[in-house]
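Trainee: Below are the sequence and a predicted model for it; my questions follow.
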Amino acid sequence: MVGTKAVALSPDGRLILSVGGSDGLAKLWDASSGSLIRSFMVSDDRFVGVRRLGGLISGWVAFTPDGKRIIYMGSDASFRIFNVETGAEVATLIGFENGEWLVVTAEGYYNASEKGAQYLNVNYEGKNYSVDQFYDVFYRPDIVAAKLNGQDISSLISVTMKDAAKSPPPLVEVTSQTVSADQKKTKVCYKVNSTGGGIGEVRLFHNGKLIQSDGFYREMAKSSSDKTQLASLDGKTIYEDMRSIMVKGTVDTPVVRQTKGDAVETCTEVEAVAGENEMSVTAFNKSNTVQSSMKTINFRSDLKPEEPHLYLLSVGIDKYRNEKDNLKYAVKDAGDITDRLLKQSKTLYKPNNIHYELLTNGQGTRENITRKIDELSMVIKPTDGFILFVAGHGVLLQNQYYMLTHDYDGTINEKNTISSNAIIDMSKKIKSLSQLFIFDTCHAGGVDTIISGLYDARMSVLAKKMGLHIYASANDRQAAIDGYKNNGLFTYTLLDGLDNNRQADKYKDGTVSIAGLGEYSKKMTTSISKQIGHSQTPLIINFGKDSPIYKLQ
């Protein structure tokens with residue numbers, strides 16, 4: 001063991017692990033015979049741009065308490081986990097000085113704290129990428145949890161980050177814009193050039209909100225069974241259903257309508273808003289697995305500001321065609337939220353500029369909801385605000401989130417659900433640059449950590465794709481039925497935050513914003529749920545610009 005930097009003894013005393021030497025290997029030895037069992041390549045520093053943690057020494061090694069894995073700290077400040085029996089890498093963990101963190105499996109699927117992925121670049125085959133460029137496909141806390149738990153994830157994945165990186169994203173350039181101070185329409189021109197990986201979906205954002213994309217979203221099979229009942233969907237069933245189909249490509253990635261070749265150059269007319277405007281363009285490789293860097297231009301419009309309007313659509317469903325799955329507080333939640341928002345929004349909007357629609361029970365069919373969205377898309381302007389509140393049942397099936405409509409009759413199908421893909425299309429239709437989607441929907445059955453991770457991933461990707469704000473209650477069915485003080489727990493805390501509550505004033509400027517209300521409601525829901533013996537942590541996901549909800553009185 002010449003040149004060894006560190007050694008570790010397995011918990012049962014049978015194995016010795018050594019690190020050091022010029023070969024960059026960690027070596028596993030039989031303690032009794034001194035023979036070499038296996039070597040691990042541990043000096044492959046793939047991560048760049050890492051803020052190193054002070055006080056730690058690279059080359060540190062240890063066995064996990066069960067003796068099944070080893071942990072190695074590399075010179076890039078990462079902790080790498082290896083399987084003792086096979087020598088395969090399990091995952092890499094990175095902590096940052098400011099408390100942010102990131103976990104990446106050997107296949108490239110990752111989980112991270114709110115800003116953890118922003119501090120890191122990944123090096124594959126000499127090419128540097130930000131982790132965020134893989135977000136749509138590889139942000140999968142559920143897969144990370146399964147891998148760390150020792151489960152086989154091969155049936156849950158269809159592409160590795162290393163394979164995706166072999167098809168690099170295209171280069172995007174905003175070539176020009178035509179701005180007239182007295183015209184609402186602005187022309188933005190851009191071009192996209194392949195760098196070897198082809199060109200997939202191109203997305204155009206206005207002030208952080210997705211306004212155009214040229215991919216469409218393919219509906220996936222909702223279940224391996226023709227008859228999927230709500231009562232049967234516990235966490236184990238959902239997880240097994242995820243594993244029952246191998247999807248080539250990746251679920252929820254768009255299919256591009258036509259082949260683009262190696263170059264695209266086009267112009268788009270955009271409806272400008274008074275004051276500052278930010279236009280951003282990004283594009284994916286042909287397989288829609290790696291995103292290009294975002295290219296952004298800014299311009300100022302001298303248009304006279306229009307009076308903003310607020311449009312509120314609330315849906316509450318207690319009663320389903322299958323009465324066994326009826327709820328107790330969903331209709332009341334939708335009504336209470338509507339009343340509170342109507343009252344508080346008068347501090348920002350003229351009363352005549354506030355519009356609302358409340359759909360309950362039999363009104364909450366798929367047909368009615370989608371028709372109402374279509375109607376709103378014809379009148380809502382970019383300067384208007386839009387809030388969608390939904391209380392009822394929500395389920396996960398094969399990597400997609402679905403809200404169940406009143407039509408649900410005991411068997412889940414395309415006629416009684418609205419999928420996350422359909423929600424994306426709804427948001428694109430609505431021109432508002434300030435959109436808040438609130439889902440106080442309960443999962444069917446119990447929710448384990450893996451399924452909770454999938455829920456986190458699907459909601460987060462949904463929000464990022466659209467460039468909007470999403471609140472998701474993330475509660476289970478039993479908690480929703482029990483309720484809290486005559487409301488669902490999450491709705492109760494939202495109502496509290498909307499009740500002239502100074503604790504929800506994030507910026508201490510006398511205004512409660514979307515981000516501020518979300519932070520407050522998450523904090524209170526988490527705290528109250530612990531007090532009543534139930535763990536519930538809402539998801540609060542903010543993309544695009546923060547917007548005020550009401551002024552404190």
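Mentor: Received it, and whenever you're ready, just let me know what you need.

Trainee: Can you show me the strands along the stretch 101-250 of the chain?
Mentor: Counting by DSSP state E, counting those that start in this stretch, the stretch 101-250 of the chain has these strands, from start to end: 101-105, 110-112, 121-124, 127-130, 171-178, 185-193, 202-206, 209-213, 215-216.

Trainee: which residues does residue 270 contact?
Mentor: Residues near residue 270 by CB atoms under 8 Å, 6 or more residues apart in numbering: 185-188, 204, 206, 211, 277, 279. From N, CA and C alone the C-beta is placed, and that goes for glycine too.

Trainee: Ok, residue 526 next?
Mentor: With CB under 8 Å, 6+ apart, residue 526 has these contacts: 536-538.

Trainee: Specify which member of those residues is nearest to residue 104.
Mentor: Distances from residue 104 to the contacts of residue 526, taken as CB to CB, are shortest for residue 537 (22.9 Å).

Trainee: Could you check which helix or strand contains the residue nearest to the closest one when sequence neighbours are not counted?
Mentor: Counting by CB to CB, 6 or more residues apart in numbering, residue 526 is the residue found nearest to residue 537 once chain neighbours are left out, at 5.0 Å. Taking DSSP states H and E as the definition, one finds residue 526 inside helix 514-531.

Trainee: For stretch 65-72, what is the distance to the chain centroid?
Mentor: Distance of stretch 65-72 from its chain centroid, counting by CA atoms, centre = their mean, to the nearest Å, is 31 Å.

Trainee: circling back to that earlier point, can you tell which of the strands of the stretch 101-250 of the chain is closest to residue 508?
Mentor: Checking these against residue 508 by CB to CB gives strand 209-213 as the closest, at 26.2 Å.

Trainee: tell me the angle of the closest one relative to strand 185-193?
Mentor: Orientation check (axes from the mean of the first three to the mean of the last three CA atoms, to 10 degrees): strand 209-213 against strand 185-193 gives 70 degrees.

Trainee: Pull out the buried positions in strand 209-213.
Mentor: For strand 209-213, a neighbour-count test (16 or more other CB atoms under 10 Å) marks 209-211, 213 as buried.

Trainee: With respect to residue 36, which of these is nearest?
Mentor: When the buried residues of strand 209-213 are ranked by distance to residue 36 (CB to CB), residue 213 comes first, at 53.9 Å.

Trainee: shouldn't the closest one be in contact with residue 203?
Mentor: Yes: counting by CB atoms under 8 Å, residue 213 does reach residue 203; the two are 4.7 Å apart.

Trainee: for the protein, what spans make up the helices?
Mentor: For the chain, the helices defined by DSSP state H occupy 135-138, 141-148, 161-165, 235-243, 330-345, 366-377, 420-429, 449-466, 477-482, 489-497, 514-531.

Trainee: and the residue most central in space within the chain, what does it touch?
Mentor: Residue closest to the average C-alpha location in the chain (CA atoms, centre = their mean): residue 460, at 1.4 Å. By CB under 8 Å, 6+ apart, the contact set of residue 460 is 139, 539, 541.

Trainee: 6 Å - rerun?
Mentor: Taking CB atoms under 6 Å, 6 or more residues apart in numbering, we find residue 460 in contact with residue 541.

Trainee: With the one 4 residues further on instead?
Mentor: For residue 464, the set of contacting residues under the criterion of CB under 6 Å, 6+ apart consists of residue 543.

Trainee: Next one: it from residue 64, what distance?
Mentor: 34 Å (CB to CB, to the nearest Å).

Trainee: now the residue nearest to residue 346 when sequence neighbours are not counted: how far from residue 307?
Mentor: Counting by CB to CB, 6+ apart, residue 346 lies nearest to residue 354, which is 6.9 Å off, once chain neighbours are set aside. As judged by CB to CB, residue 354 and residue 307 stand 11 Å apart.

Trainee: cool, and residue 89?
Mentor: Using CB to CB, we find residue 89 at a distance of 58 Å from residue 307.

Trainee: who does residue 104 bridge with?
Mentor: Applying DSSP bridges to residue 104 gives these bridge partners: residue 92, residue 110.

Trainee: any low-confidence regions in the stretch 401-550 of the chain?
Mentor: Low-confidence segments of the stretch 401-550 of the chain (pLDDT under 70): 443-451, 475-482.

Trainee: which stretches of the stretch 251-400 of the chain form strands?
Mentor: Ranges of strands in the stretch 251-400 of the chain, per DSSP E, counting those that start in this stretch, are 255-256, 263-271, 275-283, 295-301, 310-316, 354-360, 385-397, 400-404.

Trainee: Looking at residue 89 and residue 307, which one has more neighbours?
Mentor: Ranked by neighbour count (other CB atoms under 10 Å), residue 89 and residue 307 place residue 89 first, with 19 against 10.

Trainee: and for stretch 278-297, what are the contacting residues?
Mentor: With contact meaning CB under 6 Å, 6+ apart, stretch 278-297 is reached by 133, 137, 159, 164, 167, 169-170, 172, 174, 177, 188, 190, 192, 197-198, 200-205, 207, 253, 298.

Trainee: hang on, the earlier thing: which one among the contacts of residue 270 gets closest to residue 380?
Mentor: residue 211 (12.5 Å).

Trainee: show me what contacts the closest one?
Mentor: Taking CB under 6 Å, 6+ apart, we find residue 211 in contact with residue 204.

Trainee: Okay, it and residue 186: tell me how far apart.
Mentor: Residue 211 sits 12 Å away from residue 186, going by CB to CB.

Trainee: Run through this structure and note the low-pLDDT ranges.
Mentor: By pLDDT under 70, the low-scoring segments of the chain are 1-5, 21-24, 42-59, 75-77, 179-182, 215-259, 398, 443-451, 475-482.

Trainee: domain parsing for it?
Mentor: As assigned by automatic domain parsing, the chain contains the domains 4-165, 171-217+252-301, 306-551.

Trainee: Among those domains, show me which one is buried the most.
Mentor: domain 306-551 (a mean of 20; mean count of other CB atoms under 10 Å).

Trainee: Quick check: end-to-end length of that one?
Mentor: Length of domain 306-551, first residue to last, CA to CA, to the nearest Å: 20 Å.

Trainee: Check stretch 404-420 too.
Mentor: Per CA to CA, stretch 404-420 runs 11 Å from first to last residue.

Trainee: Over to stretch 317-326?
Mentor: End residues of stretch 317-326 are separated by 8 Å (CA to CA).

Trainee: any idea how far it is from the chain center?
Mentor: Computed by CA atoms, centre = their mean, the chain-centroid distance of stretch 317-326 equals 29 Å.

Trainee: Residues in contact with it: which ones?
Mentor: Taking CB under 6 Å, 6+ apart as the rule, stretch 317-326 contacts 230, 327, 330-331, 361, 364, 392, 406, 408-410.

Trainee: farthest pair in those?
Mentor: Pairwise distances across the contacts of stretch 317-326 (CB to CB) peak at 20.3 Å, for the pair 331 and 410.

Trainee: Reformat the contacts of stretch 317-326 as a markdown table; add distance to residue 348.
Mentor: Converted to a markdown table, the contacts of stretch 317-326 look like this (distance: CB to CB, whole Å):
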| residue | distance to residue 348 |
| --- | --- |
| 230 | 39 |
| 327 | 32 |
| 330 | 27 |
| 331 | 27 |
| 361 | 31 |
| 364 | 28 |
| 392 | 28 |
| 406 | 32 |
| 408 | 36 |
| 409 | 41 |
| 410 | 43 |
